[in-house]
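Asks: Need a 3D model of the sequence below.
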Amino acid sequence: MRSTGWSAARGLFNAAWYRDGRYFEPQAEHEVLETYQEILRDIQTPAEYALRINVRKRQPGRLTTIEPPERESQPILFVLDASGSMMIELEGRTRMAVAQEVIEKVVNALPDNAPVGLRVYGHRYRAIGAEREQAAVDSELLIPIGPLDRAAFIRTVRGVNARGATPLAHTVEQISRDLRGVNEPLVIVLTDGVESFRRDPVLKSRQLREARPDLEYVVIGFMIDRMADRENLRGMAAAGEGIYYNAMDSASLIQSLEQALDPTIDYQVFDWMDREVAAGTFGDSHELVEGEYQLRATMYEGRSIMPLAIRAGRSVQVAEIDLPETDAAPSSAVDETEWEKTLPPPPAAAPPRFCTGCGQRLAEDARFCTGCGTPTQ
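Replies: Take a look at the predicted model:
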């Protein structure tokens, strides 16, 4: 019996046959030319094709976001500005009265026995004459961090009188002492002005961060209308790797404090065509058809963007820890600067006026000094 074997020609023939193709094996020069002519006729011959598309309906999956844990036991140090400018009128009251009321509201909402402390600056000495040297270091820890005695805390806050200057750098320097023996504290500095003396609160904030890497640091600018002053305070917060809020009335002040105490994460979900298909706050859940998405989360530090893949019948969970690092925090100052460019130039400023009794600078239309009560001339 003869062995059939396997030849190259048979292999090529079978390959063409299995692919509904044709096999040529020219043996002479004229056969090569005839082969190419035959191939050319095949290429030029019209052909018909049938295309069948089976479109499967996309099934839903679920996106679940995890709410950040509550800060029920985190130690909190409130740092309150009691400088003379806190006596300026706001909403029919003084800035100090507004700040005291807002702090009272947020303290009333804290859990019982929450570890809380209070430091105040600018409340004892006026920044003039013989008291100026003392005003430069006028910062006092009125309530050390400990279990909250709500009534005593509120009574102490209500008893603070606005009087002196703004020794911010010295105050930040003292905070390290206030936090001895306290783990992972939250420090909230509320100020209606920038440093009054030739010291650098930005440097002191950086040193505080280096000394206490476990610190959470928040600076709230209250009624800060000058852009340069906002940027100064923003730089102070940034040096402490913290957050800056700008509050221009009582509503935004309480909102800033509440956000500092209980930060939330807002987000939007966009599909592959950059259309918004869902939005909410971490803790919410959404049903989404399977596909590729992008989640854009907005937090106090800025905005974080992460890709999402939703699969049919499956749930994807996203927590704060899963988010990539944020970009720079959106600055309201940028928008305000653009808005200010559209305004007409301000009128020439009137020369500053000062109290003849204590030397404090007076508001343009003041009829008496808010520091000592002396009538203006």
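Asks: Just list the residues touching residue 60, thanks.
Replies: Residues near residue 60 by Cβ atoms under 8 Å, 6 or more residues apart in numbering: 287, 288, 289, 290, 312, 313. Every C-beta, even on glycine, is put in place using the N, C-alpha and C of the backbone.
Asks: now swap in residue 150 and tell me
Replies: 107, 108, 110, 112.
Asks: Next, it: phi, psi?
Replies: phi -60, psi -50 (degrees, to the nearest 10).
Asks: What lies in contact with stretch 165-177?
Replies: 77, 79, 81, 83-85, 119, 121-122, 126-127, 132, 135-139, 141, 187, 189, 191, 193-197, 199-201, 203-205, 207-208, 211-212, 236.
Asks: and those residues, which of them are in helices?
Replies: 132, 135, 201, 203, 204, 205, 207, 208, 211, 236 (DSSP state H).
Asks: now those as TSV including neighbour count, distance to residue 163 and pLDDT?
Replies: TSV is the format used below for those (neighbours: other Cβ atoms under 10 Å; distance: Cβ to Cβ, whole Å; pLDDT from 0 to 100):
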residue	neighbour count	distance to residue 163	pLDDT
132	16	13	88
135	24	9	92
201	28	20	95
203	14	26	95
204	23	22	96
205	27	24	96
207	16	28	96
208	23	25	96
211	11	30	95
236	28	23	95
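Asks: which two in those are spaced the farthest apart?
Replies: 132 and 211 (28.9 Å; Cβ to Cβ).
Asks: Report the buried residues of stretch 311-328.
Replies: 316, 318, 320, 323 (16 or more other Cβ atoms under 10 Å).
Asks: can you list the residues that contact it?
Replies: 58-66, 68, 265, 282, 290, 295, 297, 299, 301-306, 308-310.
Asks: now the residues you listed: which count as buried?
Replies: Buried among the contacts of stretch 311-328 by 16+ other Cβ under 10 Å: 61, 63, 65, 68, 265, 282, 295, 297, 299, 301, 303-304, 308, 310.
Asks: Widest-spaced pair of the residues you listed?
Replies: Counting by Cβ to Cβ, the most remote pair of those is 61 and 301, 29.0 Å apart.
Asks: quick one: the closest residue to residue 222 other than its chain neighbours from residue 105, how far?
Replies: Leaving aside its sequence neighbours, residue 222 sits nearest to residue 192 (Cβ to Cβ, 6 or more residues apart in numbering; 4.4 Å). As judged by Cβ to Cβ, to the nearest Å, residue 192 and residue 105 stand 18 Å apart.
Asks: ok, the two, which is more surrounded?
Replies: residue 192 (24 against 14; other Cβ atoms under 10 Å).
Asks: Tell me if I'm right that that one and residue 84 touch.
Replies: No - with contact defined as Cβ atoms under 8 Å, residue 192 does not count as touching residue 84 (10.0 Å).
Asks: Surely residue 243 and residue 234 touch.
Replies: No - look at residue 243 against residue 234 with Cβ under 8 Å: they stay out of range, at 9.6 Å.
Asks: joint contacts of these two?
Replies: Common neighbours of residue 243 and residue 234 (Cβ under 8 Å, 6+ apart) are residue 219.
Asks: Arrange the buried residues of stretch 311-328 in JSON lines, one row each, with pLDDT as further columns.
Replies: Output for the buried residues of stretch 311-328, formatted as JSON lines (pLDDT from 0 to 100):
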{"residue": "316", "pLDDT": "93"}
{"residue": "318", "pLDDT": "93"}
{"residue": "320", "pLDDT": "82"}
{"residue": "323", "pLDDT": "86"}
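Asks: So of those, which two are at opposite extremes in space?
Replies: Most distant of the buried residues of stretch 311-328, by Cβ to Cβ, are 316 and 320, 15.0 Å apart.
Asks: Against residue 27, how distant is residue 204?
Replies: 95 Å.
Asks: Would you mind splitting this structure into its domains for me?
Replies: When the chain is parsed with automatic domain parsing, its domains come out as 10-39, 76-263, 265-322, 348-377.
Asks: can you tell me the distance between the two ends of the third one?
Replies: As for domain 265-322, its first-to-last residue distance stands at 13 Å under the measure Cα to Cα, to the nearest Å.
Asks: Check the longest one too.
Replies: Using Cα to Cα, the end-to-end distance of domain 76-263 comes to 14 Å.
Asks: Contacts for stretch 191-209, please.
Replies: Contacts of stretch 191-209 (Cβ under 8 Å, 6+ apart): 81, 83, 85-86, 88, 95, 127, 135-136, 165-173, 175-176, 215, 217, 219-224, 229, 232-233, 235-237, 239-242.
Asks: wait, which of the contacts of residue 60 is closest to residue 183?
Replies: For the contacts of residue 60, the nearest to residue 183 is residue 288 (39.9 Å; Cβ to Cβ).
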